[in-house]
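Enquirer: Quick one: sequence plus predicted model below, questions after.
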Amino acid sequence: MTLLAVLELYKLGSIRMQQNDLFGEIDIVRVEGAAPYVPSDEDLTSVGEEQQE
């Protein structure tokens, strides 16, 4: 999983992140009841185009 994917899931409210210590591990937890992320065809197409550049 890439950093951008994690940030997108956080923005959508699908995951929660917590860091207890400075420079400590970052815990990532799925939010119960959050709708699953299903990328649209447009999302998938744009990812393919970015990789070709």
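Expert: Yep, it's here.
Enquirer: got a list of what the residue nearest to residue 9 when sequence neighbours are not counted touches?
Expert: In space, and not counting its chain neighbours, residue 9 is closest to residue 15: 4.6 Å by CB to CB, 6 or more residues apart in numbering. C-beta here means a position set from N, CA and C on the backbone, and glycine is covered the same way. Counting by CB atoms under 8 Å, 6 or more residues apart in numbering, residue 15 touches 6, 9, 28-31, 34.
Enquirer: For this structure, just list every one of the helices.
Expert: Under the criterion DSSP state H, the chain contains helices at 3-11, 41-52.
Enquirer: By mean pLDDT, show me the worst of those helices.
Expert: Per-stretch mean pLDDT for the helices of the chain is lowest at helix 41-52 (a mean of 66).
Enquirer: circling back to that earlier point, put the buried members of the contacts of residue 15 into a PyMOL selection.
Expert: In PyMOL syntax, the buried subset of these is picked out as below (16 or more other CB atoms under 10 Å):
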select buried, resi 9
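Enquirer: List just the nearest of the contacts of residue 15 to residue 40.
Expert: Distance to residue 40 across these (CB to CB) is lowest for residue 9, with 15.3 Å.
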